[in-house]
Each structure stands twice: as C-alpha cells, then as structure tokens.
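S.K.: give me the fold of what follows.
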Amino acid sequence: MNKIFELAKKYEGYIIEKRREFHAIAELSYEEFKTTEMIIKELEDMGIEVTTFENLTGCIGTIHGKAGVSEKEGVKVPVIMIRGDIDALPITECTDLDFKPESEGVMHACGHDNHIAITLGAAKILTEMVDELKGDVKFLFQPAEEVTTGAKSVIEKGALDGVDAVIGLHVWATLDAPLISVEEGNRMASNAKFKIRVYGKKAHGSAPHLGNDAIVASASVITNLQTYVSRRNNPLNPLVLSIGTINGGTMYNIISDYVEMEGTIRTYSKDLIMIMQEELREIIENTSLAHNCRSEFECDLGLPALINEDEELNAIAKSAALKLFGGAGLGHLESLMASEDFAVLTEKVRGFYGFLGVRNEAEGKIYSNHHEKFDVDESVLFRGSAWEAQVAIDFLESCNL
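M.R.: A predicted model of the protein is given here:
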C-alpha cells in the first residue's frame, strides 16, 4: 500500500476530530482569532515553524525538507504551498450535529472547517516524511476567502514570497464521496460585481406623464441586460449576468426618481469581461435615455477565473490521485460559475485546485455548500490530506530531476 495513504489512514481520527473542533468555533472573515490560535498550537505541537501576519488572522507553517537539496550552495530550495481557507459564513446552522457552532448565526457552511483539518492532516503526514522532502512545504491557513479579499491580504503580507507553486482542495457537495476531481481547464469563474443607478423625475402616481419613471426604466434595463447573454455573447462561451438587488421608490403613489441595482458577471474569459464593461454601459445609458432618465454604471472586476492551466502541475495532481486511489477514485465535476479567491494566488505563482466529493445520499449528506444543513461524509477527509501530501512530495521531486 502507498506509504502516504497508510499515514493518512493513521491520522484519520485526528483529521475528523479537528474538523469537529473547528466546526464548533466557526468565525467570520477577518475574525478568525480563536481558529488561528488553535491552528498555531497544532502546528507547534508538530514541531512546525509558524509565521503569523501582522494585524491579520491566519498563519503559515513551514516544513524544511531534509533530503539534501537545502545543502546545495547557490541553488534555490523549491517551495510548494498548501492552502487551506479558515473562515465561516453568516448562516444559522440547522443540523442535528452535536458539535454545532458555539456562536449563533455563524456556520462553516462552505466546508472550511474540513479544509483546516485536511491541511493539518497533510502536515502530520509530511512531518513523518521530512527526510524524503526535496524542498520546503508551506501550509497557508488563509482568512477571509468568503469575502473574496483574504488571498489579496496575505499576498500583501508576503505569503507567497519564495513560493514556486500553490495547491488547494475544496470539499464539494455535488460530487459523490469518496471521489476526487483533479481535472484541468476551467474550474471556477471570475466574479465581477456591478452597480447601476437610474435617475428619473418624481410625479404623482395618478399623473405619470409629468415624471420620468426610474422603476419602468430600470425594468427595461434589466430586460435588455439579459439579452446580452442570449444575443451578444457567443453561446459556446460560459457567461452569467445576474441582478441580485434592486431598490427604488418611496411610496405606492409616487413615481420614483431613483433606483439602484447590484449584480454580478461570471465568465472564464478575461477579454470578454473587459469588453463587457463598455458594452453594458452603452446598453444601460441608452435604455435609460429612451425613458428620459439618466444612469450611472460602476463595475468592480473582483476575482479572476480559476483555471488549471499549468500542464506540469495538472499532470502531477492527477498522477498523485492515481497513485493513491486508482482510476476508480477519480470523479468528474463540471466547471462551476461560482468563484474562489485561490485564483488570486495563481495569478502570482503556478497553481492547481482540486475538489473532494463529500456527498453521501445514504447518510443524508445531500445539501449544497452554503446551505444551512450542509454536512460532509467525514470518512473521505483523510483522502484530501493524502492527496495534498502526495502532490507536495511529487512536485518537490520534479524540481530536482
């Protein structure tokens, strides 16, 4: 049996125990104080060097490999980083788990408690294999993924300094346990956020002709924006444009003079998102003018798309899964239009992102990520630790061929 697989099984109980502990202390983005404190203790108990961030939650643990590469003068020691995000969501949990969160209205509904435990499990494995590591392994416990700015925050603190590659793994509720998806290409879309303001002219509701109705104009704007996806975009290019909020009007019998809308754009194309900004602005302005209203449009490009496009890392990630689980252990997960700030890390260094299936219909583990009843099949978590450890060892080996 594969040595890493055996070590992962050895620490399976530890991984599950830690998942439950971190689930119980769920903390929101940038407020992961107790979570960080507990992670630091676990790393230090393993004898792992720990670095913290000034005025920021999260931390980095580092294992220095002892396979001889560090002794070569003038040669950079290769470094791979394993990233686990640590924040929870503002959701009230509705499960019957006996380790439900201590704080009302905060829940690890996306599975980051599992990511912490999986990454700690990988650290456990690699501390026992330090003599075989041909380079260094860093473990990034990253805050604030849910608000999409955590990766940027840790980069600004120097988290990626000296790092050659970064890998991540997400537990996913629509992929059956115990399968792992280590597929190349498009994985998660970019996430642009926009705001639209439409200005009209008030009038009495009984005399609409005396005003310029911002609500009617906004309704036309929404309709015309939807035609961009169906008529302006190449149907072979994945694209989502959604309006999430709309607010306007002050009273039932007053023609509104102001409406504000917010929405999101999801795509994998960097070129398209740049073109869309001006084309959407034209649609919004011209539609508003047709109703004798004026408009403003703001767009924040937000997160880039997460694409597994490094051929060498793609091969290493898949090979690692095959070594551990065989072909039967690999699953297929369609590209997602959701977003992940891991993509910000891969703008700076080479990266790969995988998904671990945690759906188990027989046990009632059927609810999606971000659902108030989200839960996972814990029996698969050790597999995530094994895969992360195997990729780390194989990548460092590839750097020394």
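S.K.: list the residues that contact the residue nearest the centre of the chain.
M.R.: Centroid-nearest residue in the chain: Glu340, 2.8 Å away (criterion: CA atoms, centre = their mean). Neighbour list for Glu340: Glu145, Gly168, His170, Arg187, Met188, Leu303, Leu306, Tyr353 [criterion: CB atoms under 8 Å, 6 or more residues apart in numbering]. All C-beta atoms are positioned from the backbone trio N, CA, C, and that covers glycine.
S.K.: same question for Phe99.
M.R.: Contacts of Phe99 (CB under 8 Å, 6+ apart): Arg20, Glu21, His23, Ala24.
S.K.: Asp310 now?
M.R.: Ala165, Arg350, Gly351, Phe352.
S.K.: so the second one bridges to which residues?
M.R.: With beta bridges defined as DSSP bridges, Arg350 has these partners: Ala165.
S.K.: read off the pLDDT value for it.
M.R.: On pLDDT, Arg350 comes in at 98.
S.K.: please shift the residue numbers so they start at 218 in all later answers.
M.R.: OK, 218 is where the count begins now, so the last one is Arg567.
S.K.: and for it, the neighbour number?
M.R.: 17 (other CB atoms under 10 Å).
S.K.: check Ser536 too.
M.R.: 15.
S.K.: ok, now which ones touch the closest residue to it other than its chain neighbours?
M.R.: Distance criterion CB to CB, 6 or more residues apart in numbering; nearest residue to Ser536, sequence neighbours excluded, is Asp611 at 6.7 Å. Residues in contact with Asp611, defined by CB under 8 Å, 6+ apart, are Ile533, Ser536, Ala537.
S.K.: need the pLDDT of the first one.
M.R.: Ile533 carries a pLDDT score of 98 in this model.
S.K.: which SS state does it fall under?
M.R.: helix (DSSP: H, G, I helix; E, B strand; the rest coil).
S.K.: number of nearby residues for it?
M.R.: Ile533 sits with 24 neighbouring residues when counted by other CB under 10 Å.
S.K.: can you list the domains in the protein?
M.R.: What automatic domain parsing lists as the domains of the chain is 220-405+522-615, 408-520.
S.K.: out of those, deepest packed?
M.R.: Highest mean neighbour count of those: domain 220-405+522-615, a mean of 20 (counted as mean count of other CB atoms under 10 Å).
S.K.: quick one: end-to-end length of that one, please.
M.R.: For domain 220-405+522-615, the first-to-last residue distance is 19 Å (CA to CA, to the nearest Å).
S.K.: centre of the chain to that domain, how far?
M.R.: Put simply, domain 220-405+522-615 sits 11 Å off its chain's centre (CA atoms, centre = their mean, to the nearest Å).
S.K.: nearest to Ser473, of the contacts of Asp527?
M.R.: Lowest distance from Ser473 to those (CB to CB) belongs to Gly568, with 46.7 Å.
S.K.: would you agree that closest one is in contact with Leu530?
M.R.: Yes - Gly568 is within contact range of Leu530, at 7.0 Å (criterion: CB atoms under 8 Å).
S.K.: the strands in the stretch 268-417 of the chain, which residues?
M.R.: Using DSSP state E, counting those that start in this stretch, the strands assigned to the stretch 268-417 of the chain run over residues 273-281, 296-302, 353-359, 382-393, 397-398, 402-405, 408-416.
S.K.: dump those to a markdown table, plus mean pLDDT and distance to Ser585.
M.R.: A markdown table is the format used below for those (pLDDT from 0 to 100; distance: least, CB to CB, whole Å):
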| stretch | mean pLDDT | distance to Ser585 |
| --- | --- | --- |
| strand 273-281 | 98 | 26 |
| strand 296-302 | 98 | 18 |
| strand 353-359 | 98 | 22 |
| strand 382-393 | 98 | 5 |
| strand 397-398 | 98 | 16 |
| strand 402-405 | 98 | 15 |
| strand 408-416 | 97 | 18 |
